[in-house]
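Engineer: Pasted the sequence and its predicted model underneath.
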Amino acid sequence: MDWNVAQDMAETLKVLAHPLRLQIIALLGNKKRSVGRIAATVDRKPAYISQQLSIMKRRGVLTRTRSGRRVYYSIHDSNIAQLLECVTTLCDKKATDRP
């Protein structure tokens with residue numbers, strides 16, 4: 001693997017390696033959601049959610065669209081959701097393997 005590719009992958013994984021961001025990715029699935037709806041669902045303030053969404057958007061994990069005054073976020077690439085599913089499966093397997 002090329003060093004630059006490895007660095008890019010590491011940066012993307014760092015962005016995803018945050019419990020709230022993982023919750024947001026799982027919540028979005030294949031849907032668009034507004035900042036307000038995301039904030040209400042995960043019980044956090046909209047300003048904090050906006051900050052987390054911006055981090056993920058800058059890294060290319062999410063896309064943003066506007067409709068009037070509302071801003072909607074969605075997962076940029078379905079591979080992100082697949083990655084989350086793989087990690088979930090790995091963690092579930094580790095949990096069942098523990099004595």
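Structural biologist: Now that the structure is in, tell me what you want to look at. Numbering: from 1, shown residues only.
Engineer: quick one: contacts of stretch 71-85?
Structural biologist: Contacts with stretch 71-85, where a contact means CB atoms under 8 Å, 6 or more residues apart in numbering, come from 16, 22, 25-26, 28-35, 38, 53, 57, 60-66. Where you see a C-beta, it was placed from the backbone N, CA and C, and this is true even at glycine.
Engineer: Oh, that last question was meant for stretch 6-24, not what I typed.
Structural biologist: Outside of stretch 6-24, the residues that reach it under the criterion CB under 8 Å, 6+ apart are 25, 38, 42, 44, 49, 52-53, 55-56, 59-61, 80, 83-84.
Engineer: Sitting in helices, which of the residues you listed do you find?
Structural biologist: Taking DSSP state H, the ones among the contacts of stretch 6-24 that sit in helices are 25, 38, 42, 49, 52, 53, 55, 56, 80, 83, 84.
Engineer: count of neighbours near the last one?
Structural biologist: Other residues within reach of residue 84 by the criterion other CB atoms under 10 Å amount to 16.
Engineer: got it, and the fourth one?
Structural biologist: As a burial measure, the neighbour count of residue 49 was computed by other CB under 10 Å and equals 22.
Engineer: OK, contacts around it?
Structural biologist: Taking CB under 8 Å, 6+ apart, we find residue 49 in contact with 24, 35, 38, 39, 42.
Engineer: where does residue 67 fall, phi/psi-wise?
Structural biologist: With angles defined as degrees, to the nearest 10, residue 67 shows backbone torsions of phi -140, psi 100.
Engineer: just residue 59 next, same as before
Structural biologist: Dihedral angles of residue 59 (phi, psi; degrees, to the nearest 10) stand at phi -80, psi -10.
Engineer: just residue 30 next, same as before
Structural biologist: For residue 30, the backbone dihedrals (degrees, to the nearest 10) come out as phi -110, psi 30.
Engineer: do residue 72 as well
Structural biologist: When quoted as degrees, to the nearest 10, the phi and psi of residue 72 stand at phi -120, psi 140.
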